[in-house]
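Enquirer: Build the 3D model from these lines:
(chains A and B)
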Number of protein chains: 2
Amino acid sequence: MFSINQLAEQAKKASLQVANLSDLEKRTTLNDMAIFLRYNRQSIITENKKDLNAAEENGLSPAMIDRLMLNDERIEDMASAIEQIANQDDPVGKIKSTKILDNGLIVNKVSIPLGVIAMIYESRPNVTADAAALCFKAGNSIILKGGKEAIHSNIAIGKILHQALSNNKIDTGAIGIVSDTDRKHMAELLTLNELVDLIIPRGGEGLIKYVSENSRIPVIQHFKGVCHLYIDEGADIEKSIDILVNGKVQRPGVCNALETLLVHESILAQYAEQIAVALESRAVKIHACDNSITHFNDATLATDEDYDREYLALEIAVRQVDSFDAAIQHIQQFSSNHTEVIVTNNKSNADEFVKRISSSVVMVNASSRFSDGGQLGLGAEIGISTSKLHAYGPMGAESLTTEKFVVLGDGQIRS
Amino acid sequence: MFSINQLAEQAKKASLQVANLSDLEKRTTLNDMAIFLRYNRQSIITENKKDLNAAEENGLSPAMIDRLMLNDERIEDMASAIEQIANQDDPVGKIKSTKILDNGLIVNKVSIPLGVIAMIYESRPNVTADAAALCFKAGNSIILKGGKEAIHSNIAIGKILHQALSNNKIDTGAIGIVSDTDRKHMAELLTLNELVDLIIPRGGEGLIKYVSENSRIPVIQHFKGVCHLYIDEGADIEKSIDILVNGKVQRPGVCNALETLLVHESILAQYAEQIAVALESRAVKIHACDNSITHFNDATLATDEDYDREYLALEIAVRQVDSFDAAIQHIQQFSSNHTEVIVTNNKSNADEFVKRISSSVVMVNASSRFSDGGQLGLGAEIGISTSKLHAYGPMGAESLTTEKFVVLGDGQIRS
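Expert: Next up, the predicted model:
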């Protein structure tokens, strides 16, 4: 019988070993994971077929089935992501600050692993490899609780990761795979605050809400991404349209896609037709404010609910603003703390935008689609935090550490 | 009628102003707080008398009444703590890392305030001033919910802090004082996750448990401090006894006092009498393991419960260990993640102790009593986190910030 408590105890035990591995040991093990994934890709694909067959039987949408599907190319992507993580600097054991006090005490802050991280996720099996590799690089054990639709794929990947651990004499408890689809395991996992240090849910809003409300363990939340693009007075129109189209159209179903366009009235007065053509020629449905609606064919009038929505589709809200301040105020009201973009040629507005917008990623003259751990140079990401505690924005290996105080004395006592 | 929701909305609104104050504005305002506290000390003492009278009527313990009491000296301490915080470097707006990607994007991580912090605390009114000053220095609004036993003192201090804010044209919503002792405000506060970014409870274990289990907002936990001292083979015995006595006896009722002594068998064979005299002459009650109990007069046999207890009194558990590893294992089993100390002359054991012990403060040859924000050079502390998320150990102003990504481009889109 599968026991989640036992899995967590094994993870806790293994975490003491993993926390103290050298950077070289971690690199070697991660490189082995990549090699073994490539070598065993056929067996992964065979197990993945079982999940795909079940998905078809259960009538999952083509989009869901595509997310689930593994092929040679996708397995190669997993392996090379692990190699990138292997090659990063060791995030553990870094002296982050140091100070010598008047009494001679040396006070260092040193980065250490968090301990045991549990990841609860849906659908995409590559998360299994990415999350395991990031947690391992940061010296943590991980417990992986994937969705039941990917259970065969996840178990197959897990077995291969275990081979790499064993090959390097590392306790396989460091990567715990929940090999059972019973939903009660999730509820039980959320109560194990003596064994697990952090829960990261990744999936729909329902999953994240459930985990947040029921967990006795700290949770990193990634809620929706309502990303804004503001086109400032005097902005370059070609650049603006490129960034708008890239943000909305390239991959509308992801959290860093644009959901709202704010546009200065002077831009709209001059370039409304170009903006309308850019969106309409790509079949983007428009929810426009009463000041801009006349510029678009077939637009519907935008409501506050429209400004609050994550469309995840070829659909966008458009609002004309009469000033830079009005754009800031709109974002402050409707921001989901994910990613906001300004396109501007005005240096002082760019600086002011960066200063006043407190979202986790603030961009000047670049596409919101870059708001992603891989694109921002973190190698891979374990999630994007939209709550400000612990980590904010895309999270790589460094976000999976904390810092302890190391105090070195020669007999000091307090007077 | 007092409304906690309204107070939180005012704090949220003020947080937008406070987040963007310059370091000079924050220093000036904090220095005004210190000046005004000194100038108005008589009115604080008058209000504090009301709390002291009520405390006596309600039969509070002398220790509790002492914690509650304010006099000229304690108000001076409050004022000078604020001045120290004023003089610290601004923790906000620091570029923590920067990187230029191949596509020309500049990716900075910049420290920003958390937003709105709520502090729920018991008894000591100086927390009102310390917490408000630390949060303000880090660009946050704060909501202060003190205990009903200190309500008059807290309101009086709050009024003076508001004068300093007004004097500098800062929205007084930035320091919200819950001016009502209705317990339902606490329950309501814990649900305001749209307005409040962090809850810090400070007080007994019951308070922290209640807040952790009922909050929809992230909580920084400070549970008990079961601090260990390990005296290693070959350690200097005078130094060891100084650190033992300072840790256990100087102020037994605080969380950085020692609760367990682990001592290598070779030390005990040679110096048992000195250790026994040091503790017994100071009336420290001893719970000793079966291997060490014969060295002490009137010791009781230590159980696992004794090793797990925070005595907060002149009482200590003593255990003989036959190796360095056995000491590490004891600490790993019973640690509360607060503070652990080794006294040793062996450099490699010191390094190994620092590496393998993952408590928030790890000390070599120094008293556990230094495990305190003020003593470690943070100016003051808002608490000591024993959970690893976000912050770990004593928390100063820097722990009240987070980091956002600032991405600067010149039109890049994702291919």
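
Enquirer: Could you chop chain A up by domain?
Expert: A:4-223, A:227-370 (automatic domain parsing).

Enquirer: can you tell me which of those comes nearest to residue B:67?
Expert: Of all these, the one in closest proximity to residue B:67, counting by C-beta to C-beta, is domain A:4-223 (26.5 Å). Bear in mind the C-beta positions are built from the backbone N, C-alpha and C, glycine included.

Enquirer: For the closest one, what is the distance to the chain centroid?
Expert: Centre-to-centre, domain A:4-223 and its host chain are 13 Å apart (C-alpha atoms, centre = their mean, to the nearest Å).

Enquirer: how long is that domain from one end to the other?
Expert: Terminal residues of domain A:4-223 are spaced 26 Å apart (C-alpha to C-alpha, to the nearest Å).

Enquirer: Any regions of the stretch 301-415 of chain A where pLDDT drops low?
Expert: Counting by pLDDT under 70, the stretch 301-415 of chain A shows no low-confidence range.

Enquirer: ok, residues contacting the one helix or strand residue A:161 maps to?
Expert: Element membership for residue A:161 (DSSP states H and E) is helix A:151-167. Contact with helix A:151-167 is made by A:29-30, A:32-33, A:35-37, A:40, A:43-44, A:46-48, A:50-51, A:68, A:70, A:78, A:125, A:128-129, A:132, A:144, A:146, A:171-172, A:174-175, A:177, A:179, A:181, as judged by C-beta atoms under 8 Å, 6 or more residues apart in numbering or on different chains.

Enquirer: on that earlier part again, format the domains of chain A as TSV; extra columns: distance to residue B:362.
Expert: Output for the domains of chain A, formatted as TSV (distance: least, C-beta to C-beta, whole Å):
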stretch	distance to residue B:362
domain A:4-223	9
domain A:227-370	32
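
Enquirer: how about those in a markdown table, adding mean neighbour count?
Expert: What follows is those, written out as a markdown table (neighbours: other C-beta atoms under 10 Å in any protein chain shown):
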| stretch | mean neighbour count |
| --- | --- |
| domain A:4-223 | 19 |
| domain A:227-370 | 20 |
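
Enquirer: Nearest to residue B:240 among those would be which one?
Expert: When these are compared by C-beta to C-beta, domain A:4-223 sits nearest residue B:240, at 17.4 Å.

Enquirer: Strands of the stretch 251-400 of chain A, start to end?
Expert: Under the criterion DSSP state E, counting those that start in this stretch, the stretch 251-400 of chain A carries strands at the ranges A:258-264, A:285-288, A:300-301, A:315-321, A:339-343, A:361-366, A:383-385, A:393-395.

Enquirer: Between those strands, which one is closest to residue A:83.
Expert: Of these, nearest to residue A:83 by C-beta to C-beta is strand A:393-395, at 19.3 Å.

Enquirer: Give me the sheet partners of the closest one and which way each runs.
Expert: Strand pairing for strand A:393-395, using DSSP bridges, gives strand A:383-385 (antiparallel).

Enquirer: three-state assignment of the residue of the stretch 201-350 of chain A found nearest chain B?
Expert: Proximity of the stretch 201-350 of chain A to chain B (C-beta to the nearest C-beta) peaks at residue A:246, 3.8 Å away. Here residue A:246 is helix, with the state taken from DSSP: H, G, I helix; E, B strand; the rest coil.

Enquirer: Please give me every residue in contact with it.
Expert: By C-beta under 8 Å, 6+ apart, the contact set of residue A:246 is A:367, A:369, B:413, B:414.

Enquirer: Grab the nearest non-local neighbour of residue A:188.
Expert: Once flanking residues are discounted, residue A:188 sits nearest to residue A:4: 4.9 Å by C-beta to C-beta, 6 or more residues apart in numbering or on different chains.

Enquirer: what about the helices in chain A?
Expert: A:4-18, A:23-39, A:41-57, A:62-68, A:72-87, A:126-137, A:151-167, A:184-189, A:205-214, A:237-249, A:265-280, A:304-308, A:324-334, A:347-356 (DSSP state H).

Enquirer: Residue A:364 and residue A:242, how far apart?
Expert: Residue A:364 is 15 Å from residue A:242, where distance means C-beta to C-beta, to the nearest Å.

Enquirer: swap in residue A:183?
Expert: Residue A:183 sits 45 Å away from residue A:242, going by C-beta to C-beta.

Enquirer: if we can go back for a sec, is it possible to export the strands of the stretch 251-400 of chain A to JSON lines including distance to residue A:15?
Expert: Compiled in JSON lines, these are given as follows (distance: least, C-beta to C-beta, whole Å):
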{"stretch": "strand A:258-264", "distance to residue A:15": "39"}
{"stretch": "strand A:285-288", "distance to residue A:15": "48"}
{"stretch": "strand A:300-301", "distance to residue A:15": "53"}
{"stretch": "strand A:315-321", "distance to residue A:15": "44"}
{"stretch": "strand A:339-343", "distance to residue A:15": "33"}
{"stretch": "strand A:361-366", "distance to residue A:15": "31"}
{"stretch": "strand A:383-385", "distance to residue A:15": "20"}
{"stretch": "strand A:393-395", "distance to residue A:15": "19"}
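
Enquirer: Looking at those strands, spot the one closest to residue A:85.
Expert: strand A:393-395 (12.8 Å).

Enquirer: OK, contacts around residue A:81?
Expert: Listed by C-beta under 8 Å, 6+ apart, the contact set of residue A:81 reads A:126, A:129, A:130, A:133, A:374, A:379, A:380.

Enquirer: any idea which of the residues you listed is closest to chain B?
Expert: Nearest to chain B among these, with distances taken as C-beta to the nearest C-beta, is residue A:374, at 10.7 Å.

Enquirer: Residue A:146 and residue A:255: what is the separation?
Expert: Using C-beta to C-beta, we find residue A:146 at a distance of 19 Å from residue A:255.

Enquirer: Measure how the longest strand seen in chain A sits relative to strand B:339-343, angle-wise.
Expert: Taking DSSP state E as the criterion, chain A has its longest strand at strand A:401-412. With axes from the mean of the first three to the mean of the last three C-alpha atoms, to 10 degrees as the basis, strand A:401-412 and strand B:339-343 are set at 40 degrees to each other.

Enquirer: contacting residues for the closest residue to residue A:310 other than its chain neighbours?
Expert: Counting by C-beta to C-beta, 6+ apart, the nearest residue to residue A:310 once its immediate chain neighbours are dropped is residue A:224, at 4.0 Å. Residue A:224 sits next to A:205, A:255, A:310, A:336, A:338, A:386 when contact means C-beta under 8 Å, 6+ apart.

Enquirer: The residue lying closest to the residue of the stretch 201-350 of chain A closest to chain B once chain neighbours are set aside: neighbour count?
Expert: Distances taken as C-beta to C-beta, 6+ apart put residue B:413 closest to residue A:246, at 3.8 Å, once the chain neighbours are dropped. Using other C-beta atoms under 10 Å in any protein chain shown, residue B:413 has 19 neighbouring residues.

Enquirer: do stretch A:279-293 and chain B meet at all?
Expert: No. Applying C-beta under 8 Å from any C-beta of the partner chain, one finds stretch A:279-293 separated from chain B by no less than 14.1 Å.

Enquirer: Report the rounded mean pLDDT for that stretch.
Expert: For stretch A:279-293, mean pLDDT is 97.

Enquirer: Likewise for stretch A:106-126?
Expert: 94.

Enquirer: Then stretch A:235-251?
Expert: Taken as a whole, stretch A:235-251 has a mean pLDDT of 97.
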